[in-house]
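1. Take a look and give me a structure for this.
(chains A, B, C and D)
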Protein chains: 2
Amino acid sequence: MPRAGQRPRLVDVAERADVSLATASRALAGRDGVSAEVADRVRRVASELGYVANPYARTLAGGASSTVGLIVHQVDDPYFSEIAGGVIQLAAEQGLLVQICQSGRDPDYELQQLRHLIAQRVGIILISGSGYDDPRVEAEARAELTAFQAHGGRVAAIGRHALGVDAVLPDNEAGGNALAHHLIDLGHRRITVAAGSAGLTTVADRLAGVSSALRQRGMTPADLAVVHGDFTRGGGRAVTEQILNEHPDTTAIIALNDAMAMGVLSALRSRRIPVPGRMSVVGFDDVSVAADLAPSLTTIRLPMTEMGRTALSLALKPRSTRPRRRSTGHLLVVRDSTGPPPTA
Amino acid sequence: MPRAGQRPRLVDVAERADVSLATASRALAGRDGVSAEVADRVRRVASELGYVANPYARTLAGGASSTVGLIVHQVDDPYFSEIAGGVIQLAAEQGLLVQICQSGRDPDYELQQLRHLIAQRVGIILISGSGYDDPRVEAEARAELTAFQAHGGRVAAIGRHALGVDAVLPDNEAGGNALAHHLIDLGHRRITVAAGSAGLTTVADRLAGVSSALRQRGMTPADLAVVHGDFTRGGGRAVTEQILNEHPDTTAIIALNDAMAMGVLSALRSRRIPVPGRMSVVGFDDVSVAADLAPSLTTIRLPMTEMGRTALSLALKPRSTRPRRRSTGHLLVVRDSTGPPPTA
DNA sequence: TTGAAAGCGCTAACAT
DNA sequence: ATGTTAGCGCTTTCAA
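-> Next up is the predicted model:
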């Protein structure tokens, strides 16, 4: 009999439906070996009682954990918060709960968070954000994830390709290429890249796209300067100062994400440098505020919310023999931050 | 003896440290009743083995759950993502994991998410975002939370005062008051409020602050128009159209949060209405992009990240007899979106 | 198709 | 100060 003031347990349901514990469990799990009639009765009683399985007991007894672990670099970065939004949406539709960890773009801390999630026995791990060039870090992460998967865990990555797991991959190289072509078409010949930390694969990939565009248009590496900084707004500001000092003939800045682009715009505004009159600026990601900046930002649109949903949906499917990959496609969104160079 | 390919259990630690299960448990939990020497040995063995307690077993056996449930209206809204950032920060420092749910500003769905978190047996619930005027909803939420607390759960609210739990409360009324004073000081006499949904207590509180400022300055209700819409960017756009049509003599718009203010700015830009030349605009919250908008936004700064941390720290303390309240204070940040009215 | 019973790994009485 | 043992609520053999 149900204890007053306590949540009903499976025994309570079983008793009231006049079946055994095992039958009740089977009926609610939708497994077969239960007559339709009995299964129905059990389910009715369960909902009457407002029964919800205790996830701790269930998981301990060997059932699969129904929680999703999501690792992001930083939740209050719009790129990640939009991804998180997509993950949480789909998770809610599936009755799953999402645990979020921040790595702060520190590979070792990320590894620690990853281990924490595994120790917590989440059922699914979603790892988003750029990977690292450092082979040690990626190898350690791979090792943890492989062991996790061997115990039945499911994994998917977002924007990270060296993990040997299912992945949703933004079109970083093609996007970088498109941005550079756009600027070259406008007449720019002195382009500087405001790049994030050199150790991030996303930075390398986007940069590769930019370089290939220059080559395709017969320009030389000398026409392209690259300045590295933090992959954040603050990094964008700092890098801009450096660009203005060290590459004064620059007419266009390619920021490798929107956060940096916002820093670039902010620094240029402080210096009263007209955009795009004197300097064109482009970003990457198309976070939702990009359209509201001054001037509105030309950038590459990535469907972050959908990327989050897709990653979770990959992880919900049974594991395939070879890792699946989903490319996002990309779209150049031309707004007011780009125009012809001053001399054109 | 530890089983190959499996995580070590507490028994494995106990065996290897040559103590009983109970002693090992006590030692690791830091409870007393264990000699310093033995406790030390147990801890050393545990870390050698890489032992991490199974949270499902621990919780099932009656220990406190170490996960925090956080309910936000929407994670990809900067206001909430900054709060979430603060919560996750402090949680990580404490070794806790955070589960995030979105209510989508739907009171019934919020209730459902709340029940889901309780069913998941989280140890702490943090509920953020405006409350609702509807007494039924607030009463149901209170009832759930009260029951949850009766079973030892801890709760704190952020920006919500009718729940009878510890709360971190932004200075909504004082902030609204400060905004209105700022505009009146500049010479504005025709002010319209772009308000969020009428059912939200945050909207009501901020609006009350605005009204009181007008009264304090000898203005009448006729000098203040209020137009309600969604508490989002889209809502701000829609409301602006309405304001321009129905209150054409308006010289200043008070948006009751930054998201709406961004919509207002966007709509004014489409109409080529100069800000602040023809129309001043203010927001509320000071989300991090507010400084990067065109023009940069005058608004009330709220310390969102800190609010998240404070809420969790309240919940980590033992429950007090009466709910604790922490006010955030507020700061008027004057930027470029406000100036004297056109006729002044 | 159904039931009885043995754990899952841990905490918390209760003994010693 | 330390050990023994009975659960926590569920899933899953194994029997019937």
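2. Tell me how many other residues surround whichever residue of the stretch 201-344 of chain A sits closest to DNA strand C.
-> Here the stretch 201-344 of chain A gets closest to DNA strand C at one residue, A:Arg319, 22.2 Å apart by Cβ to the nearest atom of the strand. Placement of C-beta: from N, CA and C, glycine included. Per other Cβ atoms under 10 Å in any protein chain shown, the neighbour tally for A:Arg319 reads 16.
3. does it really touch A:Ala150, like I thought?
-> No. Applying Cβ atoms under 8 Å, one finds A:Arg319 not in contact with A:Ala150, separated by 10.6 Å.
4. which stretches of chain A aren't confidently modelled?
-> A:1, A:344 (pLDDT under 70).
5. List the residues that contact A:Leu97.
-> Contact partners of A:Leu97, counting by Cβ atoms under 8 Å, 6 or more residues apart in numbering or on different chains, are A:66-68, A:91, B:69, B:99, B:101, B:116-117, B:120.
6. how about a cut-off of 7 Å?
-> Residues in contact with A:Leu97, defined by Cβ atoms under 7 Å, 6 or more residues apart in numbering or on different chains, are A:67, A:91, B:99, B:120.
7. okay, now the first one: neighbour count?
-> The local packing count at A:Thr67 equals 22, with neighbours defined by other Cβ under 10 Å.
8. List phi and psi for the residue of the stretch 201-344 of chain A closest to DNA strand C.
-> Dihedral pair for A:Arg319: phi -70, psi 140, per degrees, to the nearest 10.
9. Could you check how far it is from A:Asp286?
-> 32 Å (Cβ to Cβ, to the nearest Å).
10. and if you look at A:Gly33?
-> 51 Å.
11. just to revisit the earlier point, which members of the contacts of A:Leu97 are positioned in helices?
-> Judged by DSSP state H, the contacts of A:Leu97 include A:Ala91 as members of helices.
12. so which two of the contacts of A:Leu97 are the farthest from each other?
-> A:Ala91 and B:Gln120 (12.3 Å; Cβ to Cβ).
13. When these two are compared, which one has more neighbours?
-> A:Ala91 (26 against 20).
14. Quick check: that one touching A:Gly69?
-> No. Using Cβ atoms under 7 Å, A:Ala91 is not in contact with A:Gly69; the gap is 11.0 Å.
15. Give me the phi and psi angles of A:Val226.
-> According to degrees, to the nearest 10, A:Val226 has phi -130, psi 130.
16. Repeat that for A:Pro221.
-> phi -50, psi -30.
17. neighbours around the residue nearest to A:Val289 when sequence neighbours are not counted, how many?
-> Once flanking residues are discounted, A:Val289 sits nearest to B:Val289: 4.9 Å by Cβ to Cβ, 6 or more residues apart in numbering or on different chains. Using other Cβ under 10 Å, the number of residues around B:Val289 comes to 21.
18. what do you get for A:Arg3?
-> 9.
19. In terms of helices and strands, where is it?
-> Assessed by DSSP states H and E, A:Arg3 sits outside every helix and strand.
20. Tell me how chain A divides into domains.
-> With the TED database as the criterion, the domains of chain A are listed as A:10-53, A:67-169+A:305-327, A:172-302.
21. what's around A:Ser313, how many residues?
-> 15.
22. try A:Leu28
-> 18.
23. Show the contacting residues for it.
-> A:42-43, A:46.
24. That one in helix, strand or coil?
-> helix (DSSP: H, G, I helix; E, B strand; the rest coil).
25. Look up which residues are beta-bridged to A:Leu200.
-> According to DSSP bridges, the residues that bridge with A:Leu200 are A:Tyr132.
26. Just give the number of residues close to A:Pro8.
-> Neighbours of A:Pro8 using other Cβ under 10 Å come to 17.
27. scratch that, A:Ala36 is what I was asking about
-> What A:Ala36 shows, counting by other Cβ under 10 Å, is a neighbour count of 9.
28. Quick check on it: phi, psi?
-> Torsion angles, degrees, to the nearest 10, at A:Ala36: phi -50, psi -40.
29. and the gap between it and chain B?
-> 27 Å (Cβ to the nearest Cβ, to the nearest Å).
30. Neighbour count: A:Gly33 and A:Asp286, which is higher?
-> Legend: neighbour count by other Cβ under 10 Å for A:Gly33 and A:Asp286, higher for A:Asp286 (25 against 9).
31. The more buried one: what's it in contact with?
-> Neighbours of A:Asp286 in contact, by Cβ under 7 Å, 6+ apart: A:258, A:299-302, A:333.
32. One more pass at 6 Å, please.
-> A:Asp286 makes contact with A:299, A:301, A:333, according to Cβ atoms under 6 Å, 6 or more residues apart in numbering or on different chains.
33. Out of those residues, which sit inside strands?
-> Secondary structure from DSSP state E places A:299, A:301, A:333 of the contacts of A:Asp286 in strands.
34. Which residue ranges of the stretch 201-344 of chain A form strands?
-> A:224-228, A:252-255, A:280-282, A:299-301, A:325-327, A:331-333 (DSSP state E, counting those that start in this stretch).
35. Can you give me the buried ones in the fifth one?
-> By neighbour count, with 16 or more other Cβ atoms under 10 Å in any protein chain shown as the criterion, the buried positions of strand A:325-327 are A:Arg326.
36. Run me through the strand neighbours of it, direction for each.
-> strand A:166-169 (parallel).
37. Quick one: the helices in the stretch 1-150 of chain A, in order.
-> A:10-17, A:21-29, A:36-49, A:55-60, A:78-93, A:107-119, A:135-150 (DSSP state H, counting those that start in this stretch).
38. give the contact list for the residue nearest to A:Thr202 when sequence neighbours are not counted.
-> Leaving aside its chain neighbours, A:Thr202 sits nearest to A:Ser130 (3.6 Å; criterion: Cβ to Cβ, 6+ apart). Contact partners of A:Ser130, counting by Cβ under 6 Å, 6+ apart, are A:200-202.
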